[in-house]
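Chemist: return a 3D structure for these sequence lines:
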Amino acid sequence: MLFAIHCLDRPERSSLRQELLDEHRAHFRAAGDAVRAAGPLFADDGSTQCGSLIVYDAPDAASARAFIEGDPYARNGVFDQISVRQWAWLFGAGKPED
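Modeler: Numbers count the residues shown, from 1 in each chain. As a prediction, the model looks like this:
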């Protein structure tokens with residue numbers, strides 16, 4: 001089951017985001033193929049990171065939430081808001097065959 005995980009940063013956390021980047025990336029690498037897509041969100045200026053968007057494959061919402069809550073960004077207060085919603089991949093490049 002796929003989940004869209006949308007995270008928004010707390011204001012003024014860009015330096016903490018950078019400080020935890022290696023640990024954050026290690027967390028995602030450890031999840032292997034469960035992370036289908038992931039990357040930062042940017043503010044209107046196009047250069048300031050302000051959150052993250054992840055597509056995560058998990059058996060249920062609780063597992064997806066546990067994954068994101070284990071992220072160093074979540075554990076250390078970078079994220080202000082976290083949303084986990086089941087998601088259906090209907091269109092787009094790289095979509096697995098039904």
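Chemist: ramachandran coordinates for the residue most central in space within the chain?
Modeler: What sits nearest the mean C-alpha location of the chain, by C-alpha atoms, centre = their mean, is I54, with 3.7 Å. Main-chain dihedrals, I54, degrees, to the nearest 10: phi -130, psi 140.
Chemist: residue boundaries of the helices in the protein?
Modeler: Applying DSSP state H to the chain gives helices spanning 14-19, 21-30, 61-69, 72-75.
Chemist: which stretch among those comes nearest W87?
Modeler: Using C-beta to C-beta as the measure, helix 61-69 is the one of these that comes nearest W87, at 9.8 Å. Backbone N, C-alpha and C define where each C-beta goes, glycine included.
Chemist: helices and strands around that closest one, which ones?
Modeler: Applying 3 or more C-beta pairs under 8 Å, 6 or more residues apart in numbering; DSSP states H and E, we find helix 61-69 packed against strand 2-9, strand 49-57, strand 79-87.
Chemist: JSON lines for these, including distance to R36 and mean pLDDT?
Modeler: Converted to JSON lines, the helices and strands packed on helix 61-69 look like this (distance: least, C-beta to C-beta, whole Å; pLDDT from 0 to 100):
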{"stretch": "strand 2-9", "distance to R36": "7", "mean pLDDT": "97"}
{"stretch": "strand 49-57", "distance to R36": "4", "mean pLDDT": "96"}
{"stretch": "strand 79-87", "distance to R36": "10", "mean pLDDT": "97"}
